[in-house]
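**Q** Need the 3D shape of this:
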Amino acid sequence: MPSSNSKYVVLFLSFSFLIFLTEADPIYSAHACTDSITYKPKTTFETNLNLLLSSLPSKASDGSHFYRTRTGNAAPDAVNGLFLCRGDILAAACQECVSAAAEEIKRRCPDQKEAIIWYDVCMLRYSNQSFNKIVPSTDLSNTKEIAPEDKDRFNELLSGLLNSVAAKVLKSQTKFATDQVNFTTTETLYGLEQCTPDLTVFDCNTCLRSAIAAVPNCCDGKRGATVLLPACNIRYEFYPFFNSPPPVTHSLP
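**A** Numbering: from 1, shown residues only. Alright, predicted model coming up:
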């Protein structure tokens, strides 16, 4: 986990459609580059970065929903990289998303030594350093809101759901969990949370608490939102946007 004085990348957004996890193309969410740290073309760093990005989709096709690796032996030319797919998607959808992310991150950050990109069902990140520096922040939020007379009850219900899912994540080997709760007799609130599996329980909890604490500031009373951090993410919606998670594997160096 980054230090307390590191700047998190936080994205708040909501989707108004149902994701078909095994059929739909991956949907771009956001990206961030460290514009102050660049590399020159046709250098060893670029060669290592291209090798890293080309290798990640094949690991996703193996069924790995999380993979972390390093290309090159020494600084300043070595590149650390990882991807994380949502724990409820199949290997084919994970591979498709990682492939899209590996291609798009080069287009959006063409000469950056550190970058991160999020899609609806995966995240990809690389850096010339250990993963302890976070790129600048971005935030968005949905305009759809809970009716004023229901807001207090909604906030209480949402807080309970997010804390319940966080507790399940911390007990999960895959660091992924979902849950749902009835808001009315006709509406159900769905929640999903995930950490990168290489985090300790303590660091995962710290990351999730940061994400949950951000919700009142970004998305107070919103009917759906996602909070994305480099090491964890949370999401809630009033429609079923996730599947029961299939068995997943994780690869660490």
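**Q** care to break this protein down by domain?
**A** The chain breaks down into these domains under automatic domain parsing: 16-127, 148-251.
**Q** Turn these into TSV, including mean pLDDT and mean neighbour count.
**A** Any C-beta I mention is one placed from the backbone N, CA and C, and that applies to glycine too. Putting these into TSV (pLDDT from 0 to 100; neighbours: other CB atoms under 10 Å) gives the following:
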stretch	mean pLDDT	mean neighbour count
domain 16-127	88	19
domain 148-251	90	18
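**Q** Please enumerate the strands of the chain.
**A** Assigned by DSSP state E, the chain shows strands spanning 11-13, 28-33, 64-71, 79-85, 114-119, 122-127, 176-182, 188-195, 225-228, 232-237, 249-251.
**Q** Any idea which of those gets closest to residue 102?
**A** Proximity to residue 102, assessed across these by CB to CB, is greatest for strand 122-127 (6.2 Å).
**Q** Return the angle between stretch directions for that closest one and strand 232-237.
**A** Interaxial angle of strand 122-127 relative to strand 232-237 (axes from the mean of the first three to the mean of the last three CA atoms, to 10 degrees): 160 degrees.
**Q** and strand 122-127, what other elements does it pack with?
**A** For strand 122-127, the packing partners by 3 or more CB pairs under 8 Å, 6 or more residues apart in numbering; DSSP states H and E come out as helix 44-61, strand 79-85, helix 91-108, strand 114-119.
**Q** any idea how far that strand is from the chain center?
**A** In this view, strand 122-127 has its centroid 9 Å away from the chain centroid, taken as CA atoms, centre = their mean, to the nearest Å.
**Q** same check, this time on stretch 149-158
**A** So, by CA atoms, centre = their mean, the centroid of stretch 149-158 is 26 Å from its chain's centroid.
**Q** So what touches that stretch?
**A** With contacts defined as CB atoms under 8 Å, 6 or more residues apart in numbering, stretch 149-158 is touched by 146, 181, 183, 189, 215-216, 220-221, 236.
**Q** sorry, back to before: looking at the strands of the chain, which is nearest to residue 56?
**A** Closest of the strands of the chain to residue 56 is strand 79-85, at 5.3 Å (criterion: CB to CB).
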